[in-house]
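Quick one: sequence plus predicted model below, questions after.
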Amino acid sequence: MHPTAKPVKEIPQSIRMLELAQRAPLYLSQDNQTYIECPTAIPVFSEDFFTWFICLAEKRLGSIPSPSDVARVSRTLDSHARAAKNENTVHTRIAQLGTKSYQLDLGTDDHQVVNITGQGWELSQHFDAHFERFEDHKPMATPERTPLKLAVCMEKQFNLAPENAEKLAIWLAEALLPNHKPPILVITGKAREAAVEKLRNLIDPVREPIIETPTQEGQLRRMVLENKVLAFSV
């Protein structure tokens, strides 16, 4: 006589969803938001997380979670992150890794980055920093090596006098520094909008490179947080 087999208790779908999300690293940012790494940094209370998790659950679990399921997972992840107190700095576009080393996120689908040191630069597909991308961001162009100095490139690209090309090169270098806001650049002339668009596409390409001046402080704050540089039409 065979003993009666004990029924296997099925894991609730809500637990399986939470376990699925917890496979990715979880941490708090410098402004106390909870992020999940997959592989770029995504806030757990965001449309990007909602989309990412639904696609992941459908692929791994074979079912599409409801909005309430996703909200429950977000709240639980947020609680776990705050209990663990694991904190990391989240960057936009570029991060400083050491005294004289930086990493630039090109924003490509294959997660290309540029590692920059005092000895030069090289392409990589390994994140050493936590980068957040935004909906309006476009990928940056893959850099190419050239024997020309930056000022000479600016002179040729924008048809500038040497002294103005030198000033523009300095501004571009400052604009790429993390945790640093470059001085305001004023461009005049008939082709100013084309020049501004070309500049923006070099270091911080977005869907709308030139935007209207915001009328509310909240709008400006959001723009500053989501963009490396801003170009306003006046």
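Cool, got the structure. Numbering: from 1, shown residues only.

Distance check, A151 against A161.
According to C-beta to C-beta, to the nearest Å, A151 and A161 sit 11 Å apart. C-beta coordinates here come from the backbone N, C-alpha and C atoms, glycine included.

Tell me which of the two has more neighbours.
Taking other C-beta atoms under 10 Å, A151 and A161 do not tie; A151 has more neighbours (19 against 9).

you'd agree that one is in a strand?
No. Looking at A151 with DSSP: H, G, I helix; E, B strand; the rest coil, it is helix, so not inside a strand.

wait, what's in contact with it?
Taking C-beta atoms under 8 Å, 6 or more residues apart in numbering, we find A151 in contact with 162, 165-166, 168-169.

from those residues, which would you call buried?
165-166, 168-169 (16 or more other C-beta atoms under 10 Å).

which two of those lie the greatest distance from each other?
The most widely separated members of the buried ones among the contacts of A151, counting by C-beta to C-beta, are E166 and L168 (7.3 Å).

mind checking how far the nearest residue to R133 once chain neighbours are set aside is from M154?
The shortest distance from R133 to any non-neighbouring residue, by C-beta to C-beta, 6 or more residues apart in numbering, is to T40 (5.4 Å). To M154, T40 is 30 Å away according to C-beta to C-beta.

Please identify which of the two sits among more neighbours.
Neighbour count, other C-beta under 10 Å: between T40 and M154, M154 has more, with 24 against 18.

Could you grab the helix/strand/coil label for that one?
Recorded secondary structure, M154: helix (three-state DSSP).

That one contacts I170, doesn't it?
No. The criterion here is C-beta atoms under 8 Å, and M154 misses it with I170 at 9.8 Å.

which ones are touching I210?
By C-beta under 8 Å, 6+ apart, the contact list for I210 reads 193, 196-197, 200, 231-233.

likewise H130?
27, 29, 35, 37, 41, 88-91, 95.

from these, which would you call buried?
Here, 16+ other C-beta under 10 Å leaves 27, 29, 35, 37, 41, 90-91, 95 buried among these.

that older thread, just give me the closest of the buried ones among the contacts of A151 to P209.
Nearest to P209, judged by C-beta to C-beta, of the buried ones among the contacts of A151 is L168 at 16.3 Å.

Assumed that closest one was part of a helix.
Yes. Assignment of L168 by three-state DSSP places it within a helix.

how much space between it and I36?
Using C-beta to C-beta, L168 is found at 39 Å from I36.

so how far is L150 from R222?
Taken as C-beta to C-beta, the span from R222 to L150 is 31 Å.

in the protein, which spans are helices?
Using DSSP state H, the helices of the chain run over residues 13-21, 47-61, 67-84, 150-158, 162-176, 192-203, 217-226.

For Y102, which of those helices is the nearest?
Y102 lies closest, by C-beta to C-beta, to one member of those: helix 162-176, at 8.1 Å.

Which other helices and strands does that closest one contact?
Contact partners of helix 162-176 among helices and strands, from 3 or more C-beta pairs under 8 Å, 6 or more residues apart in numbering; DSSP states H and E: helix 150-158, helix 192-203.

lowest-confidence stretch among those helices?
For the helices and strands packed on helix 162-176, mean pLDDT drops lowest on helix 192-203, to a mean of 83.

Would you mind getting the angle between it and helix 150-158?
Here the directions of helix 192-203 and helix 150-158 differ by 140 degrees (axes from the mean of the first three to the mean of the last three C-alpha atoms, to 10 degrees).

any low-confidence regions in this structure?
For the chain, the stretches flagged by pLDDT under 70 are 1-11, 189-190, 234.

thinking again about what came up before, who wins for neighbours among the contacts of I210?
Neighbour-wise, those (other C-beta under 10 Å) top out at R200, 21 neighbours.
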